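Pasting a predicted model and its sequence here:
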Amino acid sequence: MQDMYLNPAAKTWSTPVSPSGTGLDTTPTNANSASSGPETRSPNQPAKPNQAVGSDLAAGDPRVLHRALPGFAATPLVEVPELAKEFGVGRVLVKDEHVRAGLPSFKVLGAAWAVFRALGGTSGTLDDLDVDPATTLVSATAGNHGRAVAYIARVLGVGAHIFIPAGTAPARIEAIRSEGAMVDVVDGDYALAVDLAEKRAASDEKALFAQDVGDSMTPIWAVQGYRTVLHEIDEQLAGTAPDLVVVPVGAGVFASTVVQHYRADGARPGILAVEPDSAACLLESLQAGEPVRVPGPHPSGMAGLNAGDVDVHAWPYLRNGIDAAVTVTDEQTHEAMRSLASANIAAGECGAASLAGARAFFAEQKLGPDAVVVLISTEGVHDQASYEAIVNR
């Protein structure tokens, strides 16, 4: 069942603060198994974090590492006039993450930077790391993050052990295995997969828990890596400020990146979060004013969004930073996939959720006729046969 919540707390946005009142405390409460990494430090950001930047990047900027990944290129921001007409706005643009450094998702941006930092890197590229070949990267996933971690392990020449919930599409599981990773299919939901992965990492001194949720440092570093997507959007908009940014949400880590970026200097658009109707942990948490767990099973085909809990680091940003949250069904997402395919954008279920959510939003809300809307399509195609069956229906 579709639901929407307009968040009144977003009107009182302020940067989350620690008990000391000096800003959100990012000190890890529990270190990674193999290494706690270097002390916490944010990469140097441009003076205006929400403005386009030039080609000269400061040392410690994740984009230096990203640009050295094999096959890396900025992903396109595609204008879709038909959607602008449908919504009654000036422009609709889709940030198309269907191929990012050879993988069908943006997740490699967070995984690469988080692993780099956890293994002791502070600036430079993966080639600058001196990594013990006996290292194993351990993670849980609903699909995209696990493949990204497995890919980074392959690039580094180390092992990967990935835990994934039962019910995940076989094509996603085989894609992770294709990167050389060991994959355990867990008889349970994503939360159980995370728990088992953490225990596996804790049992091996050579293992690194490379998770993008939880209370270690790697989710914080993943957020820093994901921000490359937003910097590219700024550059591609060339000074135009968006009025609404729509982002699919699982545990909310990437959504917290969007909030941190657009609640810094510069443009301050509305931010719409989109979740599966069977795993709406953020919407329910916003309604309650505190984190709410949505127990599994989470059967949606939007596999990467099937999280029952909002991430502990993400929640303080999402609580007052998300303007609205909406849930969508698989059928609404399938219809969105067909619409995007007609615009030559190949989007998987998670990626197309942004369009499905925008449609649900605009069915009840209006923006001005000159408004600029950015939809972030976070993934491409994982199972070609399944994709073709949906879009050709």
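Everything's here; your move.

and the most centrally placed residue in the chain, what does it touch?
Centroid-nearest residue in the chain, with Cα atoms, centre = their mean: F254, separated by 3.5 Å. By Cβ atoms under 8 Å, 6 or more residues apart in numbering, F254 lies in contact with F106, G110, V223, Y226, V247, P248, T378. C-beta: built from backbone N, CA, C; applies to glycine.

all strands of the stretch 1-150 of the chain, in order?
Here the stretch 1-150 of the chain has its strands, by DSSP state E, counting those that start in this stretch, at 4-6, 77-79, 91-96, 136-140.

Make TSV from these and add distance to F163 to it.
Shown next, in TSV, are these (distance: least, Cβ to Cβ, whole Å):
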stretch	distance to F163
strand 4-6	31
strand 77-79	34
strand 91-96	29
strand 136-140	4
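
Check the contacts of F254 and tell me the two furthest apart.
Spatial extent of those (Cβ to Cβ) is set by the pair V223 and P248 at 15.8 Å.

neighbour-wise, which of these two wins?
Ranked by neighbour count (other Cβ atoms under 10 Å), V223 and P248 place P248 first, with 29 against 26.

give me phi/psi at the more buried one?
Phi and psi for P248, reported as degrees, to the nearest 10, are phi -70, psi 150.

Verify the contact between it and I376 for me.
Yes: in this structure, P248 is within contact of I376 by Cβ atoms under 8 Å, at 7.2 Å.

what residues do these two have in common as contacts?
Common neighbours of P248 and I376 (criterion: Cβ under 8 Å, 6+ apart): S354.

Around the spatially closest residue to A341 that is not a sequence neighbour, how many other residues sit close by?
Spatially, and ignoring its direct neighbours in sequence, A341 is nearest to V391 (4.4 Å; Cβ to Cβ, 6 or more residues apart in numbering). V391 is flanked by 19 other residues according to other Cβ under 10 Å.

just G71 next, same as before
Neighbour count for G71, taken as other Cβ under 10 Å: 9.

how close does it get to V149?
According to Cβ to Cβ, to the nearest Å, G71 stands 17 Å off from V149.

coming back round to it: reformat the strands of the stretch 1-150 of the chain as a markdown table; add mean pLDDT, distance to A171 and mean neighbour count.
Listed next are the strands of the stretch 1-150 of the chain as a markdown table, based on pLDDT from 0 to 100; distance: least, Cβ to Cβ, whole Å; neighbours: other Cβ atoms under 10 Å:
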| stretch | mean pLDDT | distance to A171 | mean neighbour count |
| --- | --- | --- | --- |
| strand 4-6 | 97 | 31 | 16 |
| strand 77-79 | 98 | 25 | 15 |
| strand 91-96 | 98 | 20 | 23 |
| strand 136-140 | 98 | 18 | 29 |
